[in-house]
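*Asks:* coords below, sequence missing:
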């Protein structure tokens, strides 16, 4: 059977299988979902076996397992390592979901007139990772696999991939390849394909501010003892100046300076500021002075409070002056910035601005480095040719504001470049309530991946 006919004939089954995968709540950040994360790894393993992969194994780590599989049709041919992750972000806040986060439904929207799958992980990254398994199945079933393939699908990406580095270093020979292919990014629009050529790095930190040794009556002690929530709020607010420039000393020392010419090219990408604001229901954008929205979300570093809590947040009133306050803070980094160095600078600065009336603790969580991928390689050209073929339009190279630390890891450990050929949209609400993934995008990915393999094998001859 011809490949495209096979993919077309099996579309409904491909969708049904993805919906089954999305029903498993594989939240790696919450130990309450531990069994479900392991169950998801087994699901992935079983589908790889059914698709025809060999040497399929759920590989244990000190955390959640990594699913490995391969199909070596000829050792003389090039090898593509497909990376993805099966863990998902927590679904909170649950009350903002229009349907159950693990009860996938399909709805039509303006952005997805053919329908979109609403569920946690639909786009990030279960839907995009599963495209590769189905594309592989189609290539193998129709004798259209033109080179070797390996899979490495992990369960800890959303919590920092702490065990991926040790696994890669311990399995360098097993993972040996000519390139890595990842679908965990987005395109500009369904009629404007793009390939991600840059990613920001990450430093993720939790802070704790402690005042008195216990919660206090706010009437008896208020005004005389430091309130950790007030102090923490002021400390966080002080980390940006009036131009939204980050005030940590040394923070910008290593920031890559992007040329005026490259910035001009970047801003030629199709982008409507009015549509952007309307989509988010905001009256205006907000960010570092002197940069456009596209630049702020790609080539400039950021510092954001991702969560803050302390004191009483239950029903009704409780006049308490809390003993502690906490916040989670992430910093997105750009090329040349070291996540380790930035974490150290943050800790030193945060401790230095704390008043004597409180004690502070800084708990680093995870980090990763920024990456820029070249556009003059066979790998990139294959992705370009494949997307041009299936979308009918040449893809644009774009830098992304997101972070995928494994790109730098693969180059360091495996010595290969990564192609970031994603199919989601920025409006797909990843990490947010009502995450979704278009049926067009899911099927277009399954169609494009075999084209990538075909073009890559031809270019490597």
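*Replies:* Everything's here; your move. Just so you know, these numbers come straight off a predicted model, no measurement behind them.

*Asks:* domain map for the protein?
*Replies:* The chain breaks down by automatic domain parsing into domains covering 3-199+370-459, 202-255+301-367.

*Asks:* which stretches of the stretch 151-300 of the chain form helices?
*Replies:* Secondary structure of the stretch 151-300 of the chain (DSSP state H, counting those that start in this stretch): helices located at 164-170, 218-221, 228-237, 260-266, 273-280, 293-296.

*Asks:* let's have the ones you listed in JSON lines, adding mean neighbour count.
*Replies:* Glycine gets a C-beta too; all of them are placed from N, C-alpha and C. Formatted as JSON lines, those follow (neighbours: other Cβ atoms under 10 Å):
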{"stretch": "helix 164-170", "mean neighbour count": "17"}
{"stretch": "helix 218-221", "mean neighbour count": "13"}
{"stretch": "helix 228-237", "mean neighbour count": "18"}
{"stretch": "helix 260-266", "mean neighbour count": "12"}
{"stretch": "helix 273-280", "mean neighbour count": "11"}
{"stretch": "helix 293-296", "mean neighbour count": "18"}
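
*Asks:* hang on, the earlier thing: including mean pLDDT, could the domains of the chain go into a markdown table?
*Replies:* Output for those, formatted as a markdown table (pLDDT from 0 to 100):
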| stretch | mean pLDDT |
| --- | --- |
| domain 3-199+370-459 | 96 |
| domain 202-255+301-367 | 96 |
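
*Asks:* hang on, the earlier thing: select, out of the helices of the stretch 151-300 of the chain, the one closest to residue 245.
*Replies:* Among these, helix 293-296 comes nearest to residue 245, with 11.8 Å by Cβ to Cβ.

*Asks:* for the nearest residue to residue 120 once chain neighbours are set aside, what are its contacts?
*Replies:* Leaving out its chain neighbours, the residue that sits closest to residue 120 by Cβ to Cβ, 6 or more residues apart in numbering is residue 101, at 4.1 Å. Contacts for residue 101 (Cβ atoms under 8 Å, 6 or more residues apart in numbering) come out as 25, 91, 94, 119-120, 433, 435.

*Asks:* now do residue 200
*Replies:* Contact analysis of residue 200 by Cβ under 8 Å, 6+ apart lists 298, 301, 332-334, 370, 400-403.

*Asks:* please name the nearest non-neighbouring residue to it.
*Replies:* Here the nearest residue to residue 200 in space, its sequence neighbours aside, is residue 332; by Cβ to Cβ, 6+ apart that works out to 4.3 Å.

*Asks:* wouldn't the one you found be in contact with residue 306 here?
*Replies:* No: using Cβ atoms under 8 Å, residue 332 makes no contact with residue 306, being 11.2 Å away.

*Asks:* compare these two (neighbour count), which wins?
*Replies:* Higher neighbour count among residue 332 and residue 306: residue 332, with 22 against 12, using other Cβ atoms under 10 Å.

*Asks:* now do the same for that one: helix, strand or coil?
*Replies:* strand (DSSP: H, G, I helix; E, B strand; the rest coil).

*Asks:* identify the bridge partners of it.
*Replies:* When assigned by DSSP bridges, residue 332 has beta-bridge partners residue 202, residue 302.

*Asks:* go on, residue 436?
*Replies:* Going by DSSP bridges, residue 436 forms beta bridges with residue 118.

*Asks:* and the gap between it and residue 306?
*Replies:* Computed as Cβ to Cβ, to the nearest Å, the residue 436 to residue 306 distance reads 22 Å.

*Asks:* could you identify the longest helix within the protein?
*Replies:* In the chain, with assignment by DSSP state H, the single longest helix is helix 439-459.

*Asks:* which elements pack onto that one?
*Replies:* helix 3-9, helix 11-22, strand 116-118, helix 126-141, strand 179-182, helix 378-391 (3 or more Cβ pairs under 8 Å, 6 or more residues apart in numbering; DSSP states H and E).

*Asks:* I'd like the next helix or strand past the last one.
*Replies:* Helices and strands here follow DSSP states H and E; after helix 378-391, the next one along the chain is strand 396-399.

*Asks:* on contacts alone, who are the packing partners of that following strand?
*Replies:* strand 194-199.

*Asks:* next, the angle from the strand it packs on to helix 378-391.
*Replies:* Counting by axes from the mean of the first three to the mean of the last three Cα atoms, to 10 degrees, strand 194-199 lies at 150 degrees to helix 378-391.
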